[in-house]
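In: Pasting the sequence and the predicted model now:
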Amino acid sequence: MTGTPVLVVVFILVIYLLSSIKILAEYERGVIFRLGRLLPQAKGPGVILVFAPLDRMVRISLRIDTIEVPAQDVITRDNVTVKVNAVIYFRVVEPRLAVIEVSNFLYATSQLAQTTLRSVLGEVELDDLLSKRDELNVRLQAILDQHTSPWGVKVTLVSVKQVDIPEQMIRAIGRQAEAERERRAKVIHAEGEYMASEKLGMAAEVIQRQPVAIQLRYLQTLVEIGQEKNTTIVFPLPIDILSSLERFFDSGRRDGSAKA
């Protein structure tokens, strides 16, 4: 009978020791509070001992986590209202700071991301928001990482997912793009005309130095026409003949008026 209390005590001690054994995965760390005071180092991974009620452990995951920032109403620098949402990738690099510096680092990071998204995107114009998204992502990441670093949180990536533009602005952007395409087409056409005129001027200089070149060109034109199997016949009429005829008729009219 005297051995029964001893067995009970031993059984209770065994149960207590078994309950004190905690197993942490490779990606987990345990932040231990002993009598309310934080231990210098986080425990884990593997098997650790947590002696309750003297010790209290908080599990912290070191894996990369994601937060989806809900759509935010943003007024850009050029007074365009858009809805923008984003996703944030972050991980805990210092478990002790993530426990003692902020009550809920997930909620705090989410709220900070929403306010930062509105403030940063409100400083840029709509064109920059659509075309310079990579630069904005880097800027958002730097700002968030700066503010979350005291919490032991490292922001690894920020990505703006979707930008919802009002229907009226979409039509305006479409008209702007169409006008830009027309402008480019006119510039290209003008440049082509300019280059063609330069080449024609060079050809005229060659023909002027070598009059036989116009005859060769005429023969080449006849060959091209003959390949089409038609009955069209082309006779070249030099411009000099027309000029001579014009001068002849003008002189005839002046002589007739003089005789009259």
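Out: Arrived safely, thanks for sending. Residues are numbered from 1 along each chain as shown.
In: Every contact and neighbour count from this point should use C-alpha atoms.
Out: Noted.
In: Please enumerate the strands of the stretch 1-150 of the chain.
Out: Along the stretch 1-150 of the chain, counting by DSSP state E, counting those that start in this stretch, strands occupy 21-24, 28-34, 37-38, 46-49, 55-61, 65-75, 81-92.
In: which intervals of the stretch 1-150 of the chain have sub-threshold pLDDT?
Out: Scanning the stretch 1-150 of the chain for pLDDT under 70 picks out 1-3.
In: which one of the strands of the stretch 1-150 of the chain is the most hemmed in?
Out: Across the strands of the stretch 1-150 of the chain, averaging neighbours per residue (mean count of other CA atoms under 10 Å) puts strand 28-34 on top, at a mean of 21.
In: In terms of secondary structure, what does that strand contact?
Out: Strand 28-34 sits against strand 55-61, helix 95-100, with contacts defined as 3 or more CA pairs under 8 Å, 6 or more residues apart in numbering; DSSP states H and E.
In: Export the ones you listed as JSON lines, with columns for distance to Ile143.
Out: JSON lines is the format used below for the helices and strands packed on strand 28-34 (distance: least, CA to CA, whole Å):
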{"stretch": "strand 55-61", "distance to Ile143": "23"}
{"stretch": "helix 95-100", "distance to Ile143": "18"}
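In: Can you check which of these gets nearest to Ile207?
Out: strand 55-61 (84.3 Å; CA to CA).
In: pull the CA atoms of that closest one into CSV?
Out: Listed next in CSV are the C-alpha coordinates belonging to strand 55-61 (Å, rounded to 0.1, in the frame of the first residue of the first chain):
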residue,chain,number,x,y,z
ASP,A,55,7.0,28.2,-19.7
ARG,A,56,4.8,29.4,-22.4
MET,A,57,5.6,28.8,-26.1
VAL,A,58,4.5,30.7,-29.2
ARG,A,59,5.0,28.9,-32.5
ILE,A,60,6.2,31.1,-35.4
SER,A,61,6.4,29.8,-39.0
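In: Now do that strand against strand 81-92, angle only.
Out: 130 degrees (axes from the mean of the first three to the mean of the last three CA atoms, to 10 degrees).
In: Adjust the sequence numbering to begin at 129 for everything that follows.
Out: Taking 129 as the first residue, the last one we looked at is strand 183-189.
In: Touching, Thr237 and His275? I think so.
Out: No: look at Thr237 against His275 with CA atoms under 8 Å: they stay out of range, at 9.0 Å.
In: got the contact list for the spatially most central residue of the chain?
Out: By CA atoms, centre = their mean, the chain has its centre lying nearest to Arg261, at 3.7 Å. Applying CA atoms under 8 Å, 6 or more residues apart in numbering, we find Arg261 in contact with Val288.
In: could you pull out the helices for the protein?
Out: 131-148, 223-228, 233-249, 254-259, 261-276, 295-337, 340-355, 367-387 (DSSP state H).
In: now, of those, which is deepest in the fold?
Out: Buried most deeply of those, by mean count of other CA under 10 Å, is helix 223-228, with a mean of 20.
In: Just the endpoints, please. Distance across stretch 273-287?
Out: 14 Å (CA to CA, to the nearest Å).
In: Other residues contacting it?
Out: Against stretch 273-287 from outside (CA under 8 Å, 6+ apart): 214-226, 229-230, 233, 237, 265-266, 268-269, 272.
In: try 7 Å this time
Out: Contacts to stretch 273-287, defined as CA atoms under 7 Å, 6 or more residues apart in numbering, come from residues 214-223, 225-226, 229-230, 265, 268-269, 272.
In: Which parts of it count as buried, going by neighbours?
Out: Within stretch 273-287, the residues scored as buried using 16 or more other CA atoms under 10 Å are 273, 276-277, 279-287.
In: Kindly reformat these as CSV and extend each row with distance to Ile195.
Out: As requested, the buried residues of stretch 273-287 are exported to CSV (distance: CA to CA, whole Å):
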residue, distance to Ile195
Asp273, 14
Thr276, 14
Ser277, 17
Trp279, 16
Gly280, 16
Val281, 13
Lys282, 13
Val283, 11
Thr284, 12
Leu285, 11
Val286, 10
Ser287, 11
